[in-house]
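Asks: below are the sequence and a predicted model; questions follow.
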Amino acid sequence: MKTLVDVNESVLREAMKVAETATKKETINLALEELIKSKLRQTLKGMAGNGMMEIGLSGLRRQRQRRERAYKGLGASVKQ
């Protein structure tokens, strides 16, 4: 999908250096993926110990493997 956005060029160049990405597209996609993962981690941390989440470590590992397979199926790169 093509989307036109106005991005601060100096911030984007710095992000490309930090992420070691070759293209603007790759940098933006990586940044969006990392934002999603970060927010999901925050949500999980908020659920820890309050009884809302009834899953163990092995269950979390299985979910991660399923998510990684889904990302690969979409052609996205997932960096851990």
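Replies: Thanks, I have the structure now.
Asks: would you mind finding the longest helix in this protein?
Replies: In the chain, taking DSSP state H as the definition, the longest helix is helix 24-47.
Asks: on contacts alone, who are the packing partners of that one?
Replies: Judged by 3 or more C-beta pairs under 8 Å, 6 or more residues apart in numbering; DSSP states H and E, helix 24-47 is in contact with helix 9-19. (C-beta placed from N, C-alpha, C; glycine too.)
Asks: mind checking how far the helix it packs on is from the chain centre?
Replies: 17 Å (C-alpha atoms, centre = their mean, to the nearest Å).
Asks: what of stretch 5-14?
Replies: Stretch 5-14 sits 19 Å away from the centroid of its parent chain (C-alpha atoms, centre = their mean).
Asks: and the contacts of that stretch?
Replies: Residues from elsewhere that reach stretch 5-14 (C-beta atoms under 8 Å, 6 or more residues apart in numbering): 24, 27-28.
Asks: got a winner among those for most neighbours?
Replies: Compared across the contacts of stretch 5-14, residue 27 has the highest neighbour count, 21 neighbours, by other C-beta atoms under 10 Å.
Asks: output the contacting helices and strands for the helix or strand that contains residue 72.
Replies: If you go by DSSP states H and E, residue 72 is part of helix 57-74. If contacts are counted by 3+ C-beta pairs under 8 Å, 6+ apart, helix 57-74 sits against no helix or strand.
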